[in-house]
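Enquirer: prediction below, plus the sequence it came from.
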Amino acid sequence: MTAFVEIDDVTRQWDGKGGVRAVSMTVGRGAFVSILGPSGCGKSTLLRLIAGLERPSAGRIRIDGEDVTHRPPAQRRLSLVFQSYALFPHLTVRDNILFGMKVRRAPRALREEKLAEAAGMMGLTEFLGRKPAQLSGGQRQRVALARTVVSGHPLVLMDEPLSNLDAKLRTAVRRDIKALQQRLDLTVVYVTHDQGEAMSLSDHIVLMRDAAVVQAGSPQALYAHPATPFAAEFIGDPPMALLDGSLLGVAGPTTVGIRVEHLSVAPLETADLVAEVEVCEFLGADTRVLLRRDRARGLALHLPGAVDWPQGRRVGLHLPSEHRFAFAGEPFEVAGPTIGPATADRPRQPS
Amino acid sequence: MSDAVALARRRQAVHGWLLLTPALVMLTTFAFYPTVATVWTSLFSRGTRRRPSEFVGLENFERLFADPTFWQVVQNNLIYAGVTIPASIVIALVMALWANARLPAQSFIRGAYFTPTVLPMIAAGNLWLFFYTPGFGIFDQIGGFFGAPSVNWLGQPETALLAICLVTIWKEAGFFMIFYLAALQTIPPDLKEAADIEGASRWDYTWRVVLPLLMPTTLFILVNAMINAVKLIDHLFILTKGGPSDASKLILYYIWENAFAFFDAPAAAAMTLLVLGVLALVAALQFFVIDRRTHYR
């Protein structure tokens, strides 16, 4: 896969805070790349830098081999899908979709053709005469997607496009996005704080924290081989269990991680670790037993059938050594990462 | 049982009326009664000691239509409205778009724009009286610098009305700008970014997005400007007193003159009714015709 978007050592910060610091990444042509991270990690800034809505203070950005670092957004041949949809409230669905073509003075016949194609593809044909306020959230985001279809641009940037939708719609629009990308052979850069979205949609994930890239790779690679305790805990549902290395006799400041599917019950005498039952969650086919242990978090057991152990019962755990990840030089942090949606610091699209 | 229900209902009615009373008293004293009294007065002749007032029907209106000064005043007012309303709205819009951009000393600029609105009308009138003074007023000083002859801006029929218009535009534009500025700040910045990415020029964005989204504000301002155009009187007292030879006389000033200088209350009442009728017509037109083409959020 050839590189389509290349970001080379890009920095954009405000008074030395926030934003992104010396970030480099590559997006292959036709790839679906997610930029994943907790709120405030700089992922939206990175997307806005690619879009040209922000200018980097250092570094270069290339799209399709051309240096676009100082080009305005319109000359980068890309579309952007906003979290707030950014539809023009006074225009009908039809005029919203055609806005870009009209300002680019596209001929009428071409406009009509593109409109019919995009509306058909996104299932909007019967809504063309409506205003955005008369549409549901999912329909509005589909209008925004139709806008990217008619633009014909090969690169589409998406800034948390599903965050304002409820859970059920989220899955539906998620499929629309994936289908659209494959049908039009688009290159997509997708910003999200939801690891589930990133894992299920993308070919490649760039995990960010505190303005820098923590790890980049395929979803499978990030799941199987996290580079840091943060990556281990951020990726996967349930997250990787983490514990202080000293509990397992590892010398030096080390955090040890293990996927909970590899944990098993062991007799107390021979156990690698002893924990207490916190709560049992009956899930139907199996039961999730959440466990508590000092200097450890995320410990849990998945046991078949219904299990009802009392709270506080001591359980011995076996941690197979081949599934342990030792993060040497990373002292165990008591508090985990805060994972949340981007703060609504600007007005939402009025409806 | 039904007695208790009736009592409760009556008590509720009494409560309702008690709550209404203050507003009702105020409105009756200052709105309903004067309106009715105006209609009444306009239908009677002007009473003198020798000839008490009597019912004359529409004679007062006929007398008005035959009065050349009335038509002169109507014409003045139409010119005044036709010049000040578009000019102040356009200037307000341009100033608002400018003040909404990222400018240094933004709050100072906004404050400066708004100053004319804060000044009392009479004070503003006196200021402009100095500006217009022939010989040493600022206009003549600037004109004199370029060798133009001294002009008595307020003292000659050709320029008096336009001089009044200029004062009004100066005053209204800042006031309207505040409304535009407030409306501009409710437009989400996302829309600008979406338009930028689509390749819309600044002009496209302003024309296709900003102006349509400002339409409700424009309509509101338009109604206000219309009302202000027939409400102006204080500047006239200071600047021209309607002269010279009625060149800058506006309708409210003429009504005031009729009522309190000529003591012709019926003529004043008839004119007031005509103004009310025209205003009602204009407001209806605005709300029923322009409203339909306006997007409200």
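Expert: Perfect, thanks for sending it. Numbers count the residues shown, from 1 in each chain, chains lettered A, B, ... in the order given.
Enquirer: from here on, contacts and neighbour counts on C-alpha atoms
Expert: OK.
Enquirer: so which bits of the stretch 151-300 of chain A are right by chain B?
Expert: Neighbours of chain B within the stretch 151-300 of chain A, by CA under 8 Å from any CA of the partner chain: A:Ser151.
Enquirer: how about the strands in the stretch 151-300 of chain A?
Expert: Per DSSP state E, counting those that start in this stretch, the stretch 151-300 of chain A carries strands over the ranges A:155-159, A:187-192, A:204-209, A:212-217, A:241-244, A:254-258, A:264-266, A:273-282, A:286-292, A:296-297, A:300-304.
Enquirer: can you list the domains in the chain?
Expert: If you meant another chain, say so; for now it's chain A. Following automatic domain parsing, chain A resolves into domains at A:3-229, A:238-328.
Enquirer: not quite, I wanted chain B
Expert: Using automatic domain parsing, chain B is parsed into the domains B:1-42, B:58-293.
Enquirer: what segments of the stretch 51-200 of chain A are helices?
Expert: Per DSSP state H, counting those that start in this stretch, the stretch 51-200 of chain A carries helices over the ranges A:93-103, A:108-122, A:137-151, A:167-184, A:195-201.
Enquirer: buried sites along the fourth one?
Expert: For helix A:167-184, the neighbour count (16 or more other CA atoms under 10 Å in any protein chain shown) marks A:Leu169, A:Arg170, A:Val173, A:Arg174, A:Ile177, A:Lys178, A:Leu180, A:Gln181 as buried.
Enquirer: and those, which two are furthest apart?
Expert: Using CA to CA, the pair of those lying farthest apart is A:Leu169 and A:Gln181, separated by 18.2 Å.
Enquirer: low-confidence ranges in chain B?
Expert: Residues of chain B meeting the criterion pLDDT under 70: B:1, B:102-104, B:291-297.
Enquirer: tell me the contacts of the residue nearest the centre of chain A?
Expert: Nearest to the mean C-alpha position of chain A, by CA atoms, centre = their mean, lies A:Thr192 at 3.2 Å. Residues in contact with A:Thr192 (CA atoms under 8 Å, 6 or more residues apart in numbering or on different chains) are A:Ser34, A:Ile35, A:Leu36, A:Gly37, A:Asp159, A:Glu160, A:Ala198.
Enquirer: got the contact list for the closest residue to B:Ile221 other than its chain neighbours?
Expert: Once flanking residues are discounted, B:Ile221 sits nearest to B:Phe176: 6.6 Å by CA to CA, 6 or more residues apart in numbering or on different chains. When contacts are counted by CA under 8 Å, 6+ apart, B:Phe176 touches B:Ser88, B:Ile89, B:Ala92, B:Leu93, B:Ile221.
Enquirer: name the element B:Ala124 belongs to?
Expert: helix B:121-132 (DSSP states H and E).
Enquirer: could you check how far the residue of chain A most remote from its centre is from B:Val83?
Expert: Residue farthest from the centre of chain A, counting by CA atoms, centre = their mean, is A:Glu269 at 42.4 Å. For A:Glu269, the distance to B:Val83 equals 96 Å [CA to CA, to the nearest Å].
Enquirer: same thing with A:Leu207?
Expert: Taking CA to CA, one finds A:Leu207 at 61 Å from B:Val83.
Enquirer: more crowded one of these two?
Expert: Ranked by neighbour count (other CA atoms under 10 Å in any protein chain shown), A:Leu207 and B:Val83 place A:Leu207 first, with 26 against 16.
Enquirer: apart from its chain neighbours, what residue comes closest to that one?
Expert: A:Leu36 (4.8 Å).
Enquirer: quick check: that neighbour touching A:Asp194?
Expert: Yes - using CA atoms under 8 Å, A:Leu36 is in contact with A:Asp194, at 7.3 Å.
Enquirer: between those two, who's got more neighbours?
Expert: Counting neighbours by other CA under 10 Å for A:Leu36 and for A:Asp194 shows that A:Leu36 has the greater number, 30 against 19.
Enquirer: the more buried one: what's it in contact with?
Expert: Counting by CA under 8 Å, 6+ apart, A:Leu36 has contacts A:Lys43, A:Val191, A:Thr192, A:His193, A:Asp194, A:Gln195, A:Ala198, A:Ile205, A:Val206, A:Leu207, A:Met208.
Enquirer: tell me which of those residues is nearest to chain B?
Expert: Among these, A:Val191 lies closest to chain B (CA to the nearest CA), at 16.3 Å.
Enquirer: burial count for the closest one?
Expert: The burial count for A:Val191: 26, using other CA under 10 Å.
Enquirer: re earlier: using a markdown table, please lay out the helices of the stretch 51-200 of chain A together with distance to B:Phe262 and mean pLDDT.
Expert: Listed next are the helices of the stretch 51-200 of chain A as a markdown table, based on distance: least, CA to CA, whole Å; pLDDT from 0 to 100:
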| stretch | distance to B:Phe262 | mean pLDDT |
| --- | --- | --- |
| helix A:93-103 | 60 | 91 |
| helix A:108-122 | 66 | 90 |
| helix A:137-151 | 66 | 90 |
| helix A:167-184 | 75 | 88 |
| helix A:195-201 | 82 | 90 |
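Enquirer: ok, and the closest non-adjacent residue to B:Leu222?
Expert: B:Leu222 sits nearest to B:Ile85 (CA to CA, 6+ apart), 7.3 Å away.
Enquirer: ok, now A:Thr45?
Expert: A:Gly19 (5.6 Å).
Enquirer: for the one you found, what are phi and psi?
Expert: phi 60, psi -150 (degrees, to the nearest 10).
Enquirer: list the contacts for it?
Expert: Counting by CA under 8 Å, 6+ apart, A:Gly19 touches A:Thr11, A:Arg12, A:Gln13, A:Gly40, A:Cys41, A:Gly42, A:Lys43, A:Thr45, A:Leu46, A:Ala211.
Enquirer: surely B:Ala173 touches B:Ile91?
Expert: Yes - if you go by CA under 8 Å, B:Ala173 and B:Ile91 touch, sitting 6.0 Å apart.
Enquirer: more neighbours: these two, which one.
Expert: Higher neighbour count among B:Ala173 and B:Ile91: B:Ala173, with 26 against 18, using other CA under 10 Å.
Enquirer: separation between A:Arg175 and A:Val156?
Expert: In terms of CA to CA, A:Arg175 sits 16 Å off from A:Val156.
Enquirer: please apply the same query to A:Leu128.
Expert: In terms of CA to CA, A:Leu128 sits 23 Å off from A:Val156.
Enquirer: next one: A:Ser321
Expert: 43 Å.
Enquirer: over to B:Ser150. Which of the three states is it?
Expert: Here B:Ser150 is coil, with the state taken from DSSP: H, G, I helix; E, B strand; the rest coil.
Enquirer: now for it: which residues touch it?
Expert: Shown in contact with B:Ser150 (CA under 8 Å, 6+ apart): B:Pro134, B:Gly135, B:Asp140, B:Gly143, B:Gly144.
Enquirer: now these: which count as buried?
Expert: B:Pro134, B:Asp140.
Enquirer: show only the entries of the contacts of B:Ser150 found in helices.
Expert: If you go by DSSP state H, the contacts of B:Ser150 have B:Asp140, B:Gly143, B:Gly144 in helices.
Enquirer: tell me who's in contact with the first one.
Expert: If I follow you right, that is B:Asp140. B:Tyr132, B:Thr133, B:Pro134, B:Ala148, B:Pro149, B:Ser150, B:Val151.
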